[in-house]
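Undergrad: with the sequence up front, the predicted model follows.
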Amino acid sequence: MNIYSNPELYDAIHKDSSFDIELLKTVASNISGSVLELASGTGRLTKCILDLGLDYNGLEQSKQFLEVANKKYSDQAQYFLGDMCDFKLKNEFHFIFIGFNSFLHNLTKTDAKNCLKCVNQHLEKNGKFLVSIFVPDPSFLYRDQNTLYPATSFFNYENSQCRIMEINEYDEESQINRLTWSLEKNNQIMADKYFFSMRMYYPHEMDILLADSGFRIEEKIGDYDGSPMDSDSEMQIYICGKN
Ligand SMILES: C[S@@+](CC[C@H](N)C(=O)[O-])C[C@H]1O[C@@H](n2cnc3c(N)ncnc32)[C@H](O)[C@@H]1O
């Protein structure tokens, strides 16, 4: 099963996830026009943009996730079904962001370039673009492939105490990490398996991709607390303008 086919499970896992909201609000508070989130999911980040009085638009590939987002906010926000590396919307936006590692779903450099090209085409001349991904971590990528590791803390789902357990397989050639998630429910591993893949992008690759796609990096942030990116950073968060 695709991990993005079960929005109820996603929302149960992320019910209290607010780690990125303060940073997003700080960046978006300087915005005066409308906002586009790519890979907007079930709308987890919609409210913090609406709360700033800004127009929110989300683009998402999963029909199931989009439907849930629409149920939550369809009267206040606009959602589009689409692929972040191949979309054409009528409007331009003052702020475009791709949060929570979603950019890593661009599994090839061609996809990444196409995605950034679409962002550039939809960004106003003086607009801002934010992309937030983790820095590839060898201690995660090269774990024992036969061991199930906890991927989340405990959460409540279908009236049970649950957590996600995962295994991963990293292919150095393609830089793709293939993850398999299993739901642990009341201490029992369920039979259903959820699959997803992420391509690892190193900071030097992001520098080149962003520059080649017509962006000027204005700030490199290394943590959701807003601290600058350095060689020990676990996150790479780029705030860019258009060249
Ligand atoms: C980690 S979730 C993030 C969702 C939401 N932004 C959040 O912060 O909760 C990643 C999202 O990316 C979406 N996604 C993956 N590939 C996509 C693509 N090519 N175009 C648009 N959305 C995509 C998934 O369906 C999923 O909703």
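TA: Yep, that arrived.
Undergrad: okay, now the unreliable bits of this protein?
TA: Scanning the chain with the threshold set as pLDDT under 70 gives no residue ranges.
Undergrad: so which residues of it form helices?
TA: Secondary structure of the chain (DSSP state H): helices at 7-13, 21-28, 46-50, 63-73, 109-122, 138-141, 203-212.
Undergrad: how about those helices in a markdown table, adding distance to the ligand?
TA: For every residue, glycine as well, the C-beta is placed using N, CA and C. Formatted as a markdown table, the helices of the chain follow (distance: least, C-beta to the nearest ligand atom, whole Å):
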| stretch | distance to the ligand |
| --- | --- |
| helix 7-13 | 7 |
| helix 21-28 | 9 |
| helix 46-50 | 9 |
| helix 63-73 | 5 |
| helix 109-122 | 8 |
| helix 138-141 | 16 |
| helix 203-212 | 16 |
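Undergrad: list the contacts of the closest residue to the ligand within the chain.
TA: The minimum distance from the chain to the ligand, using C-beta to the nearest ligand atom, falls at G41 (2.6 Å). By C-beta atoms under 8 Å, 6 or more residues apart in numbering, the residues touching G41 are 4, 10, 58, 60, 62, 65, 69, 100, 102.
Undergrad: give me that answer again for 10 Å
TA: 4, 7, 10-11, 14, 58, 60-62, 65-66, 68-69, 99-100, 102 (C-beta atoms under 10 Å, 6 or more residues apart in numbering).
Undergrad: what does E219 give?
TA: So, once contact is read as C-beta under 10 Å, 6+ apart, E219 ends up touching 27, 128, 130, 226, 228-229, 237-241.
Undergrad: which residue is the nearest non-sequential neighbour of the residue nearest in space to the middle of the chain?
TA: Centroid-nearest residue in the chain, with C-alpha atoms, centre = their mean: S102, separated by 2.7 Å. Leaving aside its chain neighbours, S102 sits nearest to A39 (3.4 Å; criterion: C-beta to C-beta, 6 or more residues apart in numbering).
Undergrad: S153 now?
TA: Of all residues not flanking S153 in the chain, R163 sits nearest, at 6.5 Å (C-beta to C-beta, 6+ apart).
Undergrad: who does that neighbour form a beta bridge with?
TA: Counting by DSSP bridges, R163 is bridged to E184.
Undergrad: need the residues of this protein near the ligand, please.
TA: By C-beta under 6 Å from any ligand atom, the residues of the chain that approach the ligand are 4, 14, 39-41, 44-45, 60-62, 65, 83-85, 99-102, 105.
Undergrad: now a ChimeraX select for only the buried ones of these.
TA: Of the residues of the chain next to the ligand, the buried ones go into a single ChimeraX selection, burial set by 16 or more other C-beta atoms under 10 Å:
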select :4,14,39,40,41,44,45,60,61,62,65,83,84,85,99,100,102,105
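Undergrad: thinking again about what came up before, wait, isn't the residue nearest to S102 in contact with H105?
TA: Yes - at 6.8 Å, A39 counts as touching H105 under the criterion of C-beta atoms under 10 Å.
Undergrad: please identify the buried residues of stretch 212-230?
TA: Of all the residues in stretch 212-230, those buried under the rule 16+ other C-beta under 10 Å are 213, 215, 220-224, 229.
Undergrad: got the end-to-end distance for stretch 101-114?
TA: Using C-alpha to C-alpha, to the nearest Å, the span of stretch 101-114 from its first residue to its last is 17 Å.
Undergrad: pull out the buried positions in that stretch.
TA: Under the neighbour-count criterion of 16+ other C-beta under 10 Å, stretch 101-114 has 102-106, 111-112, 114 buried.
Undergrad: returning to that earlier point: identify the contacts common to A39 and H105.
TA: Shared contacts of A39 and H105, defined by C-beta under 10 Å, 6+ apart, are found at 4, 61, 83-84, 98, 115.
Undergrad: out of those residues, the closest to N159 would be?
TA: Comparing the shared contacts of A39 and H105 against N159 with C-beta to C-beta places Y4 closest, at 23.4 Å.
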